[in-house]
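Chemist: Sequence first, predicted model second:
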Amino acid sequence: MSQLQKHDGNGPMPRQIPFIVGTEGCERFSFYGMRNILTPFLISTLLLFMPGAERAGAAKDVFHTFVIGVYFFPLLGGWIADRFFGKYDTILWLSFVYCAGHACLAIWDDSVTGFYTGLFLIALGSGGIKPLISTFVGDQFDQTNKNKAKVVYDVFYWIINFGSFFASLSMPVFLKNYGPSVAFGIPGALMFIATVIFWMGRNKYVHLPPTPPDPHSFLNVCRSALLAHKSGAGRPGLIVASVGAAGAAAALAMSFSWDFVIAACTALVLLLAFGGIGTAMQLERARGMHPDEAVDGVRAVLRVLIVFALATPFFSLFDQKASTWIVQANAMVAPTIHAFGTAFTFVPAQMQALNPLLVMLFIPFNNVVLFPLLRKAGIEPSPLRRMTTGIVFSSLSWIVIGAVQLAIDSGEPVSMAWQVLPYALLTFGEVLVAATGLEFAYSQAPKSMKGVIMAFWFLTTTVGNLWVLIANKGVKNEALIAHIDGSGISVMAFQMFFFAAFAMAAAVVFGWYATRYKMTDNYRSTVA
(Lines give C-alpha, C1' and ligand atoms only; values in the text may rest on other atoms or scores of the structure.)
Protein backbone atom coordinates (compact mmCIF):
# COMPACT_ATOMS: atom_id res chain seq x y z
CA MET A 1 0.00 0.00 0.00
CA SER A 2 1.43 3.36 -1.02
CA GLN A 3 1.66 6.34 1.28
CA LEU A 4 -0.68 8.18 -1.10
CA GLN A 5 -3.32 5.49 -0.65
CA LYS A 6 -3.00 5.78 3.13
CA HIS A 7 -3.26 9.55 2.95
CA ASP A 8 -6.35 9.35 0.72
CA GLY A 9 -8.03 6.74 2.91
CA ASN A 10 -7.86 4.03 0.23
CA GLY A 11 -5.78 1.48 2.14
CA PRO A 12 -6.49 -2.27 2.10
CA MET A 13 -9.67 -3.90 3.34
CA PRO A 14 -9.35 -5.30 6.91
CA ARG A 15 -9.00 -9.11 6.87
CA GLN A 16 -11.58 -9.61 9.62
CA ILE A 17 -14.47 -8.10 7.65
CA PRO A 18 -15.60 -11.46 6.08
CA PHE A 19 -16.38 -12.85 9.55
CA ILE A 20 -18.67 -9.91 10.33
CA VAL A 21 -20.30 -9.99 6.90
CA GLY A 22 -20.89 -13.77 7.17
CA THR A 23 -22.39 -13.32 10.62
CA GLU A 24 -24.73 -10.63 9.38
CA GLY A 25 -25.87 -12.68 6.39
CA CYS A 26 -26.92 -15.64 8.55
CA GLU A 27 -28.42 -13.44 11.27
CA ARG A 28 -30.50 -11.52 8.76
CA PHE A 29 -31.77 -14.76 7.21
CA SER A 30 -32.88 -15.84 10.67
CA PHE A 31 -34.54 -12.51 11.46
CA TYR A 32 -36.34 -11.97 8.16
CA GLY A 33 -37.14 -15.66 7.91
CA MET A 34 -39.27 -15.44 11.05
CA ARG A 35 -40.41 -11.83 10.60
CA ASN A 36 -41.77 -12.33 7.09
CA ILE A 37 -44.02 -15.21 8.12
CA LEU A 38 -45.09 -13.62 11.40
CA THR A 39 -48.18 -11.78 10.11
CA PRO A 40 -49.62 -14.71 8.08
CA PHE A 41 -48.90 -17.12 10.97
CA LEU A 42 -50.70 -14.88 13.44
CA ILE A 43 -53.73 -14.53 11.16
CA SER A 44 -53.97 -18.20 10.19
CA THR A 45 -52.93 -19.95 13.41
CA LEU A 46 -52.09 -18.17 16.66
CA LEU A 47 -55.00 -15.70 16.71
CA LEU A 48 -57.75 -18.14 15.73
CA PHE A 49 -59.43 -17.52 19.09
CA MET A 50 -60.34 -14.02 17.86
CA PRO A 51 -63.26 -13.18 15.54
CA GLY A 52 -62.16 -13.44 11.90
CA ALA A 53 -62.79 -9.76 11.14
CA GLU A 54 -60.43 -8.68 13.93
CA ARG A 55 -57.47 -10.98 13.20
CA ALA A 56 -55.77 -8.92 10.48
CA GLY A 57 -55.82 -5.75 12.60
CA ALA A 58 -54.59 -7.61 15.68
CA ALA A 59 -51.82 -9.29 13.68
CA LYS A 60 -50.67 -5.89 12.38
CA ASP A 61 -50.59 -4.52 15.93
CA VAL A 62 -48.56 -7.50 17.20
CA PHE A 63 -46.16 -7.20 14.28
CA HIS A 64 -45.52 -3.48 14.73
CA THR A 65 -45.24 -3.86 18.52
CA PHE A 66 -42.56 -6.51 17.93
CA VAL A 67 -40.71 -4.22 15.51
CA ILE A 68 -40.91 -1.39 18.05
CA GLY A 69 -39.21 -3.68 20.58
CA VAL A 70 -36.52 -4.74 18.09
CA TYR A 71 -35.59 -1.13 17.44
CA PHE A 72 -35.99 0.05 21.03
CA PHE A 73 -33.52 -2.39 22.60
CA PRO A 74 -30.56 -0.93 20.67
CA LEU A 75 -30.60 1.77 23.37
CA LEU A 76 -29.90 -0.91 25.98
CA GLY A 77 -27.35 -2.78 23.87
CA GLY A 78 -25.46 0.38 22.95
CA TRP A 79 -25.31 1.56 26.56
CA ILE A 80 -24.12 -1.82 27.93
CA ALA A 81 -21.42 -2.11 25.27
CA ASP A 82 -20.19 1.47 25.55
CA ARG A 83 -20.03 1.50 29.33
CA PHE A 84 -19.36 -2.06 30.52
CA PHE A 85 -18.53 -5.01 28.28
CA GLY A 86 -17.45 -3.65 24.90
CA LYS A 87 -19.04 -4.47 21.56
CA TYR A 88 -17.68 -7.98 21.02
CA ASP A 89 -18.76 -9.50 24.34
CA THR A 90 -22.16 -7.80 24.25
CA ILE A 91 -22.85 -9.06 20.73
CA LEU A 92 -21.80 -12.61 21.63
CA TRP A 93 -23.92 -12.95 24.79
CA LEU A 94 -27.01 -11.29 23.34
CA SER A 95 -26.72 -13.67 20.38
CA PHE A 96 -27.39 -16.54 22.78
CA VAL A 97 -30.53 -14.72 24.01
CA TYR A 98 -31.50 -14.34 20.35
CA CYS A 99 -31.10 -18.11 19.78
CA ALA A 100 -33.25 -18.84 22.84
CA GLY A 101 -36.02 -16.67 21.40
CA HIS A 102 -36.04 -18.63 18.16
CA ALA A 103 -36.24 -21.85 20.17
CA CYS A 104 -39.35 -20.55 21.96
CA LEU A 105 -41.10 -19.82 18.65
CA ALA A 106 -40.38 -23.32 17.35
CA ILE A 107 -41.41 -25.09 20.56
CA TRP A 108 -44.46 -23.02 21.60
CA ASP A 109 -46.06 -22.23 18.25
CA ASP A 110 -49.45 -23.17 19.77
CA SER A 111 -49.08 -21.13 22.96
CA VAL A 112 -49.71 -17.38 22.95
CA THR A 113 -47.65 -16.88 26.13
CA GLY A 114 -44.74 -19.03 24.96
CA PHE A 115 -44.74 -17.52 21.47
CA TYR A 116 -44.83 -13.93 22.74
CA THR A 117 -41.99 -14.79 25.16
CA GLY A 118 -39.97 -15.88 22.13
CA LEU A 119 -40.79 -12.63 20.32
CA PHE A 120 -39.61 -10.67 23.37
CA LEU A 121 -36.28 -12.57 23.53
CA ILE A 122 -35.73 -12.08 19.80
CA ALA A 123 -36.50 -8.38 20.12
CA LEU A 124 -34.01 -8.13 23.01
CA GLY A 125 -31.28 -10.13 21.26
CA SER A 126 -31.72 -8.75 17.76
CA GLY A 127 -32.27 -5.19 18.93
CA GLY A 128 -29.45 -5.31 21.46
CA ILE A 129 -26.81 -6.32 18.91
CA LYS A 130 -28.17 -4.22 16.06
CA PRO A 131 -26.26 -0.95 16.71
CA LEU A 132 -23.16 -2.86 17.81
CA ILE A 133 -22.69 -4.87 14.63
CA SER A 134 -22.84 -1.70 12.56
CA THR A 135 -20.41 0.22 14.76
CA PHE A 136 -18.20 -2.87 15.13
CA VAL A 137 -17.74 -2.74 11.34
CA GLY A 138 -16.73 0.93 11.57
CA ASP A 139 -14.25 0.13 14.37
CA GLN A 140 -12.25 -2.03 11.97
CA PHE A 141 -11.37 1.06 9.86
CA ASP A 142 -9.22 4.13 10.43
CA GLN A 143 -8.09 7.16 8.44
CA THR A 144 -5.82 5.02 6.21
CA ASN A 145 -8.70 2.96 4.77
CA LYS A 146 -11.85 4.87 5.76
CA ASN A 147 -13.03 5.15 2.14
CA LYS A 148 -13.40 1.37 2.09
CA ALA A 149 -15.96 1.68 4.88
CA LYS A 150 -18.64 2.90 2.47
CA VAL A 151 -17.98 -0.12 0.25
CA VAL A 152 -18.31 -2.44 3.24
CA TYR A 153 -21.51 -0.79 4.46
CA ASP A 154 -22.96 -1.32 0.98
CA VAL A 155 -21.74 -4.93 0.96
CA PHE A 156 -23.10 -5.24 4.47
CA TYR A 157 -26.50 -4.08 3.31
CA TRP A 158 -26.28 -6.29 0.22
CA ILE A 159 -25.58 -9.44 2.25
CA ILE A 160 -28.43 -8.55 4.60
CA ASN A 161 -30.75 -8.59 1.63
CA PHE A 162 -29.14 -11.72 0.17
CA GLY A 163 -30.18 -13.56 3.33
CA SER A 164 -33.55 -11.83 3.40
CA PHE A 165 -34.29 -12.78 -0.24
CA PHE A 166 -33.90 -16.51 0.29
CA ALA A 167 -35.69 -16.33 3.64
CA SER A 168 -38.64 -14.49 2.07
CA LEU A 169 -38.95 -17.09 -0.70
CA SER A 170 -38.46 -20.23 1.37
CA MET A 171 -40.00 -19.65 4.79
CA PRO A 172 -43.61 -19.15 3.56
CA VAL A 173 -43.26 -22.49 1.72
CA PHE A 174 -41.95 -24.23 4.85
CA LEU A 175 -44.77 -22.67 6.90
CA LYS A 176 -47.38 -23.86 4.40
CA ASN A 177 -45.98 -27.38 3.81
CA TYR A 178 -44.23 -28.33 7.06
CA GLY A 179 -45.87 -26.22 9.77
CA PRO A 180 -44.69 -23.48 12.14
CA SER A 181 -42.26 -25.63 14.19
CA VAL A 182 -40.07 -26.23 11.13
CA ALA A 183 -40.63 -22.76 9.65
CA PHE A 184 -39.55 -21.06 12.88
CA GLY A 185 -36.88 -23.66 13.70
CA ILE A 186 -34.83 -23.08 10.53
CA PRO A 187 -34.22 -19.38 11.31
CA GLY A 188 -33.13 -20.46 14.80
CA ALA A 189 -30.53 -22.79 13.31
CA LEU A 190 -29.22 -19.98 11.09
CA MET A 191 -28.88 -17.69 14.13
CA PHE A 192 -26.81 -20.33 15.89
CA ILE A 193 -24.54 -20.57 12.83
CA ALA A 194 -24.22 -16.77 12.81
CA THR A 195 -23.07 -16.86 16.44
CA VAL A 196 -20.43 -19.50 15.67
CA ILE A 197 -19.08 -17.51 12.68
CA PHE A 198 -18.80 -14.37 14.79
CA TRP A 199 -16.97 -16.25 17.55
CA MET A 200 -14.48 -17.70 15.02
CA GLY A 201 -13.16 -14.22 14.19
CA ARG A 202 -12.57 -13.24 17.83
CA ASN A 203 -8.77 -13.06 17.55
CA LYS A 204 -8.76 -10.97 14.37
CA TYR A 205 -11.05 -8.08 15.32
CA VAL A 206 -10.07 -4.59 16.42
CA HIS A 207 -11.47 -4.45 19.98
CA LEU A 208 -12.06 -0.93 21.25
CA PRO A 209 -12.50 -0.91 25.04
CA PRO A 210 -15.67 0.37 26.71
CA THR A 211 -15.72 4.06 27.41
CA PRO A 212 -15.00 4.73 31.12
CA PRO A 213 -17.38 6.95 33.11
CA ASP A 214 -16.97 10.43 31.72
CA PRO A 215 -17.78 13.55 33.74
CA HIS A 216 -18.10 15.30 30.37
CA SER A 217 -20.44 12.73 28.80
CA PHE A 218 -23.42 13.67 26.66
CA LEU A 219 -25.92 13.37 29.52
CA ASN A 220 -23.69 15.22 31.99
CA VAL A 221 -23.24 18.13 29.59
CA CYS A 222 -27.01 18.22 28.95
CA ARG A 223 -27.72 18.20 32.69
CA SER A 224 -25.26 21.03 33.30
CA ALA A 225 -26.75 23.10 30.49
CA LEU A 226 -30.31 22.67 31.73
CA LEU A 227 -29.57 23.38 35.39
CA ALA A 228 -27.07 26.21 34.94
CA HIS A 229 -28.02 29.72 36.05
CA LYS A 230 -27.20 32.78 33.98
CA SER A 231 -27.16 36.20 35.53
CA GLY A 232 -30.18 38.23 34.52
CA ALA A 233 -31.81 35.36 32.61
CA GLY A 234 -34.24 32.62 33.46
CA ARG A 235 -33.99 28.98 32.45
CA PRO A 236 -36.32 28.65 29.45
CA GLY A 237 -34.59 25.47 28.30
CA LEU A 238 -35.26 23.80 31.64
CA ILE A 239 -38.92 24.82 31.40
CA VAL A 240 -39.18 23.24 27.94
CA ALA A 241 -37.50 20.04 29.15
CA SER A 242 -39.81 19.96 32.19
CA VAL A 243 -42.85 20.23 29.91
CA GLY A 244 -41.55 17.18 28.05
CA ALA A 245 -41.02 15.28 31.30
CA ALA A 246 -44.54 16.16 32.47
CA GLY A 247 -45.96 15.06 29.11
CA ALA A 248 -44.04 11.78 29.36
CA ALA A 249 -45.40 11.16 32.86
CA ALA A 250 -48.92 11.91 31.64
CA ALA A 251 -48.49 9.48 28.73
CA LEU A 252 -47.39 6.72 31.09
CA ALA A 253 -50.27 7.52 33.45
CA MET A 254 -52.65 7.06 30.51
CA SER A 255 -51.30 3.59 29.77
CA PHE A 256 -54.29 2.05 31.57
CA SER A 257 -56.56 3.37 28.80
CA TRP A 258 -54.00 3.46 25.96
CA ASP A 259 -52.00 0.58 24.64
CA PHE A 260 -48.95 0.40 26.96
CA VAL A 261 -46.50 0.26 24.04
CA ILE A 262 -48.00 3.42 22.54
CA ALA A 263 -47.89 5.14 25.93
CA ALA A 264 -44.27 4.16 26.65
CA CYS A 265 -43.01 5.12 23.18
CA THR A 266 -44.89 8.41 23.29
CA ALA A 267 -43.27 9.16 26.64
CA LEU A 268 -39.83 8.44 25.17
CA VAL A 269 -40.48 10.68 22.17
CA LEU A 270 -41.59 13.54 24.41
CA LEU A 271 -38.51 13.21 26.62
CA LEU A 272 -36.13 13.17 23.67
CA ALA A 273 -37.84 15.98 21.75
CA PHE A 274 -38.43 18.47 24.55
CA GLY A 275 -35.22 17.53 26.37
CA GLY A 276 -33.20 18.05 23.20
CA ILE A 277 -34.85 21.39 22.43
CA GLY A 278 -34.37 22.59 25.98
CA THR A 279 -30.72 21.55 26.02
CA ALA A 280 -30.06 23.32 22.72
CA MET A 281 -31.58 26.51 24.11
CA GLN A 282 -29.13 26.63 27.04
CA LEU A 283 -26.18 24.61 25.79
CA GLU A 284 -23.70 27.49 25.82
CA ARG A 285 -24.13 27.74 29.59
CA ALA A 286 -22.24 24.43 29.90
CA ARG A 287 -19.02 26.01 28.63
CA GLY A 288 -16.57 26.47 31.46
CA MET A 289 -18.11 23.53 33.34
CA HIS A 290 -17.12 21.18 30.51
CA PRO A 291 -14.44 21.34 27.77
CA ASP A 292 -15.41 23.03 24.54
CA GLU A 293 -14.95 19.70 22.75
CA ALA A 294 -17.62 18.06 24.93
CA VAL A 295 -20.08 20.92 24.46
CA ASP A 296 -19.51 20.96 20.70
CA GLY A 297 -19.99 17.17 20.69
CA VAL A 298 -23.41 17.52 22.31
CA ARG A 299 -24.39 20.15 19.76
CA ALA A 300 -23.31 17.77 16.99
CA VAL A 301 -25.42 14.94 18.45
CA LEU A 302 -28.48 17.19 18.77
CA ARG A 303 -28.13 18.18 15.11
CA VAL A 304 -27.89 14.51 14.13
CA LEU A 305 -31.02 13.70 16.16
CA ILE A 306 -32.98 16.22 14.09
CA VAL A 307 -31.99 14.29 10.96
CA PHE A 308 -33.05 11.05 12.63
CA ALA A 309 -36.41 12.49 13.70
CA LEU A 310 -37.20 13.62 10.18
CA ALA A 311 -36.45 10.12 8.87
CA THR A 312 -39.03 8.40 11.07
CA PRO A 313 -41.93 8.74 8.57
CA PHE A 314 -39.94 6.65 6.07
CA PHE A 315 -39.92 3.72 8.49
CA SER A 316 -43.67 4.13 9.05
CA LEU A 317 -44.07 3.29 5.38
CA PHE A 318 -41.27 0.79 4.96
CA ASP A 319 -42.16 -1.68 7.70
CA GLN A 320 -45.78 -1.95 6.59
CA LYS A 321 -44.70 -3.99 3.58
CA ALA A 322 -44.63 -6.93 6.02
CA SER A 323 -48.06 -6.14 7.49
CA THR A 324 -50.40 -3.86 5.52
CA TRP A 325 -49.08 -4.96 2.12
CA ILE A 326 -49.45 -8.65 3.05
CA VAL A 327 -53.02 -8.03 4.18
CA GLN A 328 -53.66 -6.34 0.82
CA ALA A 329 -52.03 -9.22 -1.07
CA ASN A 330 -54.38 -11.66 0.70
CA ALA A 331 -57.25 -10.00 -1.20
CA MET A 332 -55.46 -10.22 -4.59
CA VAL A 333 -55.12 -12.96 -7.20
CA ALA A 334 -51.88 -14.92 -6.76
CA PRO A 335 -49.77 -15.04 -9.96
CA THR A 336 -48.58 -18.41 -11.26
CA ILE A 337 -45.25 -18.98 -13.03
CA HIS A 338 -44.75 -21.99 -15.32
CA ALA A 339 -41.13 -23.14 -15.56
CA PHE A 340 -39.49 -26.49 -16.37
CA GLY A 341 -42.89 -28.16 -16.56
CA THR A 342 -43.88 -27.00 -13.07
CA ALA A 343 -46.46 -24.42 -12.04
CA PHE A 344 -45.39 -22.21 -9.13
CA THR A 345 -48.01 -20.05 -7.42
CA PHE A 346 -46.88 -17.25 -5.13
CA VAL A 347 -48.29 -16.86 -1.64
CA PRO A 348 -48.74 -13.29 -0.32
CA ALA A 349 -45.77 -13.38 2.08
CA GLN A 350 -43.41 -14.31 -0.78
CA MET A 351 -44.00 -10.96 -2.47
CA GLN A 352 -41.60 -9.57 0.15
CA ALA A 353 -38.78 -11.37 -1.65
CA LEU A 354 -38.99 -8.58 -4.23
CA ASN A 355 -37.56 -6.17 -1.69
CA PRO A 356 -34.19 -7.85 -1.01
CA LEU A 357 -33.87 -8.91 -4.67
CA LEU A 358 -34.26 -5.30 -5.80
CA VAL A 359 -31.85 -4.09 -3.09
CA MET A 360 -29.17 -6.43 -4.47
CA LEU A 361 -29.75 -4.89 -7.91
CA PHE A 362 -30.11 -1.23 -6.87
CA ILE A 363 -26.96 -1.02 -4.72
CA PRO A 364 -24.51 -1.94 -7.52
CA PHE A 365 -26.58 0.05 -10.04
CA ASN A 366 -26.35 3.17 -7.89
CA ASN A 367 -22.62 2.83 -7.21
CA VAL A 368 -21.56 1.82 -10.72
CA VAL A 369 -24.02 3.73 -12.92
CA LEU A 370 -26.28 6.29 -11.24
CA PHE A 371 -23.93 8.05 -8.80
CA PRO A 372 -21.03 8.38 -11.32
CA LEU A 373 -23.47 9.87 -13.85
CA LEU A 374 -24.74 12.35 -11.29
CA ARG A 375 -21.18 13.37 -10.41
CA LYS A 376 -20.35 13.89 -14.09
CA ALA A 377 -23.40 16.15 -14.28
CA GLY A 378 -22.03 18.16 -11.35
CA ILE A 379 -24.45 16.77 -8.75
CA GLU A 380 -22.83 15.18 -5.71
CA PRO A 381 -25.09 12.45 -4.23
CA SER A 382 -24.28 13.38 -0.64
CA PRO A 383 -25.76 11.29 2.18
CA LEU A 384 -28.46 13.80 3.05
CA ARG A 385 -29.43 14.31 -0.61
CA ARG A 386 -29.75 10.55 -1.00
CA MET A 387 -31.89 10.29 2.11
CA THR A 388 -34.19 13.14 1.01
CA THR A 389 -34.74 11.48 -2.36
CA GLY A 390 -35.35 8.14 -0.69
CA ILE A 391 -38.16 9.52 1.47
CA VAL A 392 -39.78 10.99 -1.66
CA PHE A 393 -39.69 7.60 -3.40
CA SER A 394 -41.25 5.91 -0.37
CA SER A 395 -44.14 8.37 -0.60
CA LEU A 396 -44.58 7.64 -4.31
CA SER A 397 -44.73 3.90 -3.57
CA TRP A 398 -47.65 4.45 -1.21
CA ILE A 399 -49.50 6.56 -3.75
CA VAL A 400 -49.26 3.60 -6.13
CA ILE A 401 -50.21 1.01 -3.49
CA GLY A 402 -53.20 3.20 -2.59
CA ALA A 403 -54.28 3.23 -6.24
CA VAL A 404 -54.02 -0.57 -6.25
CA GLN A 405 -56.25 -0.67 -3.17
CA LEU A 406 -58.85 1.47 -4.93
CA ALA A 407 -58.90 -1.08 -7.75
CA ILE A 408 -59.39 -3.92 -5.23
CA ASP A 409 -62.18 -2.00 -3.51
CA SER A 410 -63.99 -1.68 -6.85
CA GLY A 411 -64.58 -5.43 -6.74
CA GLU A 412 -62.59 -6.48 -9.78
CA PRO A 413 -59.93 -9.24 -9.46
CA VAL A 414 -56.47 -7.68 -9.16
CA SER A 415 -53.24 -9.66 -9.57
CA MET A 416 -50.55 -9.49 -6.87
CA ALA A 417 -48.19 -8.63 -9.73
CA TRP A 418 -49.47 -5.05 -9.42
CA GLN A 419 -47.49 -4.79 -6.19
CA VAL A 420 -44.21 -5.03 -8.13
CA LEU A 421 -44.11 -1.30 -8.95
CA PRO A 422 -44.68 -0.04 -5.39
CA TYR A 423 -42.12 -2.58 -4.14
CA ALA A 424 -39.61 -1.19 -6.63
CA LEU A 425 -40.27 2.42 -5.60
CA LEU A 426 -40.14 1.60 -1.88
CA THR A 427 -36.95 -0.45 -2.24
CA PHE A 428 -35.19 2.31 -4.17
CA GLY A 429 -36.13 4.63 -1.33
CA GLU A 430 -34.85 2.11 1.20
CA VAL A 431 -31.42 1.91 -0.44
CA LEU A 432 -31.14 5.69 -0.35
CA VAL A 433 -32.34 6.06 3.26
CA ALA A 434 -31.54 2.94 5.30
CA ALA A 435 -28.17 1.96 3.79
CA THR A 436 -27.02 5.59 3.78
CA GLY A 437 -28.24 6.11 7.33
CA LEU A 438 -25.76 3.54 8.70
CA GLU A 439 -22.85 5.35 7.07
CA PHE A 440 -24.15 8.78 8.10
CA ALA A 441 -24.75 7.78 11.73
CA TYR A 442 -21.27 6.33 12.24
CA SER A 443 -19.41 9.18 10.53
CA GLN A 444 -21.29 11.90 12.46
CA ALA A 445 -21.10 10.29 15.90
CA PRO A 446 -18.47 11.59 18.35
CA LYS A 447 -16.04 8.83 19.46
CA SER A 448 -17.54 8.30 22.91
CA MET A 449 -21.10 8.14 21.58
CA LYS A 450 -20.89 5.77 18.59
CA GLY A 451 -22.83 2.89 20.15
CA VAL A 452 -25.51 5.17 21.56
CA ILE A 453 -25.86 7.33 18.44
CA MET A 454 -26.33 4.17 16.35
CA ALA A 455 -28.98 3.11 18.87
CA PHE A 456 -30.73 6.45 18.27
CA TRP A 457 -30.58 5.75 14.52
CA PHE A 458 -32.37 2.44 15.03
CA LEU A 459 -34.82 4.18 17.36
CA THR A 460 -36.12 5.96 14.26
CA THR A 461 -37.72 2.65 13.30
CA THR A 462 -39.35 2.37 16.73
CA VAL A 463 -40.84 5.84 16.33
CA GLY A 464 -41.86 5.08 12.75
CA ASN A 465 -43.79 2.01 13.91
CA LEU A 466 -45.27 4.08 16.74
CA TRP A 467 -46.89 6.32 14.11
CA VAL A 468 -48.36 3.16 12.53
CA LEU A 469 -49.85 1.96 15.82
CA ILE A 470 -51.31 5.40 16.50
CA ALA A 471 -52.80 5.55 13.00
CA ASN A 472 -54.27 2.05 13.38
CA LYS A 473 -55.83 3.05 16.70
CA GLY A 474 -57.13 6.26 15.16
CA VAL A 475 -59.05 4.58 12.36
CA LYS A 476 -60.95 2.50 14.93
CA ASN A 477 -62.69 5.69 16.05
CA GLU A 478 -66.33 5.54 14.94
CA ALA A 479 -66.50 9.23 14.01
CA LEU A 480 -63.38 8.98 11.84
CA ILE A 481 -64.64 5.78 10.19
CA ALA A 482 -67.92 7.53 9.36
CA HIS A 483 -66.01 10.46 7.87
CA ILE A 484 -63.85 8.13 5.75
CA ASP A 485 -66.91 6.21 4.57
CA GLY A 486 -68.45 9.50 3.51
CA SER A 487 -65.42 10.21 1.31
CA GLY A 488 -66.19 7.19 -0.85
CA ILE A 489 -62.95 5.25 -0.24
CA SER A 490 -62.16 2.39 2.12
CA VAL A 491 -60.40 2.83 5.44
CA MET A 492 -57.41 0.89 4.10
CA ALA A 493 -57.07 3.13 1.03
CA PHE A 494 -57.47 6.23 3.20
CA GLN A 495 -54.61 5.07 5.44
CA MET A 496 -52.39 4.44 2.43
CA PHE A 497 -52.85 7.93 1.01
CA PHE A 498 -52.45 9.40 4.51
CA PHE A 499 -49.04 7.75 4.93
CA ALA A 500 -48.01 8.88 1.44
CA ALA A 501 -48.79 12.50 2.36
CA PHE A 502 -47.07 12.09 5.74
CA ALA A 503 -43.82 10.96 4.08
CA MET A 504 -43.92 13.63 1.37
CA ALA A 505 -44.30 16.38 3.98
CA ALA A 506 -41.36 14.88 5.90
CA ALA A 507 -39.25 14.83 2.71
CA VAL A 508 -39.82 18.55 2.18
CA VAL A 509 -38.71 19.42 5.71
CA PHE A 510 -35.81 16.93 5.56
CA GLY A 511 -34.54 18.46 2.31
CA TRP A 512 -34.74 21.96 3.78
CA TYR A 513 -32.76 20.93 6.87
CA ALA A 514 -30.20 19.05 4.77
CA THR A 515 -29.15 22.30 3.09
CA ARG A 516 -28.21 23.68 6.53
CA TYR A 517 -26.45 20.65 7.96
CA LYS A 518 -22.62 20.68 8.07
CA MET A 519 -21.05 17.22 7.73
CA THR A 520 -18.23 16.09 10.07
CA ASP A 521 -15.63 13.28 9.96
CA ASN A 522 -15.36 11.12 13.08
CA TYR A 523 -13.37 8.11 11.89
CA ARG A 524 -10.41 6.98 13.99
CA SER A 525 -7.07 8.59 13.15
CA THR A 526 -4.92 5.45 13.70
CA VAL A 527 -5.28 1.69 13.93
CA ALA A 528 -6.15 0.53 17.45
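Modeler: That came in fine, so what should we check first?
Chemist: where along the stretch 301-450 of the chain do the helices fall?
Modeler: For the stretch 301-450 of the chain, helices defined by DSSP state H, counting those that start in this stretch occupy the ranges 324-330, 354-365, 371-376, 383-409, 420-430, 436-444, 450-474.
Chemist: So which of these is nearest N161?
Modeler: N161 sits nearest to helix 354-365 of all these, at 3.5 Å, using CB to CB. Glycine gets a C-beta too; all of them are placed from N, C-alpha and C.
Chemist: ok, residues contacting the closest one?
Modeler: Counting by CB atoms under 8 Å, 6 or more residues apart in numbering, helix 354-365 makes contact with 32, 154, 157-158, 160-165, 168, 321, 419-420, 423-424, 426-428, 430-431, 435, all of which sit outside it.
Chemist: Let me know the angle separating that helix from helix 420-430.
Modeler: Comparing the axes of helix 354-365 and helix 420-430 via axes from the mean of the first three to the mean of the last three CA atoms, to 10 degrees yields an angle of 50 degrees.
Chemist: Which positions within helix 354-365 qualify as buried?
Modeler: Residues L354, N355, P356, L357, L358, V359, M360, L361, F362, I363 are the ones in helix 354-365 that count as buried (16 or more other CB atoms under 10 Å).
Chemist: Are any of the contacts of helix 354-365 buried, and if so which?
Modeler: Neighbour-count burial (16+ other CB under 10 Å) is assigned, among the contacts of helix 354-365, to 32, 154, 157-158, 160-165, 168, 321, 419, 423-424, 426-428, 430-431, 435.
Chemist: Tell me the first helix or strand C-terminal of the biggest helix by length in the chain.
Modeler: In the chain, with assignment by DSSP state H, the single longest helix is helix 147-178. Using DSSP states H and E, the next helix or strand after helix 147-178 towards the C-terminus is helix 180-200.
Chemist: Can you name every helix or strand that the helix or strand that comes right after that following helix contacts?
Modeler: In the C-terminal direction, the helix or strand that comes right after helix 180-200 (DSSP H and E) is helix 218-227. Counting contacts by 3 or more CB pairs under 8 Å, 6 or more residues apart in numbering; DSSP states H and E, helix 218-227 packs against helix 236-253, helix 260-282, helix 292-318.
Chemist: Out of the ones you listed, which gets nearest to I80?
Modeler: If you check each of the helices and strands packed on helix 218-227 against I80 by CB to CB, helix 260-282 wins as the nearest, at 18.0 Å.
Chemist: ok and that closest one relative to helix 236-253, angle-wise?
Modeler: Going by the same axes, to 10 degrees, helix 260-282 makes 180 degrees with helix 236-253.
Chemist: Against which helices or strands is helix 260-282 packed?
Modeler: Helices and strands touching helix 260-282, as assessed by 3+ CB pairs under 8 Å, 6+ apart, comprise helix 52-72, helix 218-227, helix 236-253, helix 292-318, helix 450-474.
Chemist: Enumerate the positions of the helix or strand where A493 lies that are buried.
Modeler: Assigned by DSSP H and E, A493 belongs to helix 491-514. Buried residues in helix 491-514, defined by neighbour count with 16+ other CB under 10 Å: 492-500, 502-504, 506-507, 510-511, 513-514.
Chemist: cool, and stretch 376-390?
Modeler: Applying a neighbour-count criterion of 16+ other CB under 10 Å, the buried positions in stretch 376-390 are P381, P383, L384, R385, R386, M387, T388, T389, G390.
Chemist: T345: which of those is nearest?
Modeler: If you rank the buried residues of stretch 376-390 by distance to T345 using CB to CB, G390 comes first, at 32.7 Å.
Chemist: how about the nearest residue to that closest one, chain neighbours excluded?
Modeler: The shortest distance from G390 to any residue other than its chain neighbours is 3.0 Å, reached at L432 (CB to CB, 6 or more residues apart in numbering).
Chemist: And the pLDDT at that neighbour?
Modeler: Predicted confidence (pLDDT) for L432: 94.
Chemist: go on, F256?
Modeler: On the pLDDT scale, F256 gets 64.
Chemist: ok, now how distant is the residue of the chain most remote from its centre from F192?
Modeler: Ranking residues of the chain by C-alpha distance from their mean position (CA atoms, centre = their mean) puts G232 at the top, at 44.7 Å. Distance of G232 to F192, given as CB to CB, to the nearest Å: 64 Å.
Chemist: Also L480?
Modeler: Using CB to CB, L480 is found at 46 Å from F192.
Chemist: Next up, phi/psi of R516, please.
Modeler: Phi and psi for R516, reported as degrees, to the nearest 10, are phi -110, psi 0.
Chemist: try A331
Modeler: The main-chain torsion angles of A331 are listed as degrees, to the nearest 10 and equal phi -100, psi 10.
Chemist: so it makes contact with A407?
Modeler: No: here A331 lies out of contact with A407, judged by CB atoms under 8 Å, at a distance of 10.7 Å.
Chemist: and stretch 497-508, average pLDDT?
Modeler: This predicted structure assigns stretch 497-508 an average pLDDT of 96.
Chemist: For Y423, list the residues it contacts.
Modeler: Residues K321, M351, L354, N355, L358, S397 are the ones in contact with Y423 under the rule CB under 8 Å, 6+ apart.
Chemist: For S410, see how far away it is.
Modeler: Between Y423 and S410 the computed distance is 22 Å (CB to CB).
Chemist: next one: D82
Modeler: 54 Å.
Chemist: Likewise for L75?
Modeler: In this structure, L75 and S410 are separated by 45 Å, where distance is defined by CB to CB.
Chemist: neighbour-wise, which of these two wins?
Modeler: Between L75 and S410, counted using other CB atoms under 10 Å, L75 has the larger neighbour count: 20 against 8.
Chemist: per-residue confidence at that one?
Modeler: Here, the pLDDT recorded for L75 equals 82.
Chemist: and the residue nearest to G390, how many neighbours?
Modeler: Applying other CB under 10 Å, we find 25 residues neighbouring L432.
Chemist: Equivalent analysis for L48, please.
Modeler: Burial of L48, expressed as a neighbour count using other CB under 10 Å, amounts to 10.
Chemist: secondary structure class for it?
Modeler: Assigned with DSSP: H, G, I helix; E, B strand; the rest coil, L48 falls in the coil class.
Chemist: Can you give me the pLDDT of it?
Modeler: The predicted structure scores L48 at 79 on the pLDDT scale.
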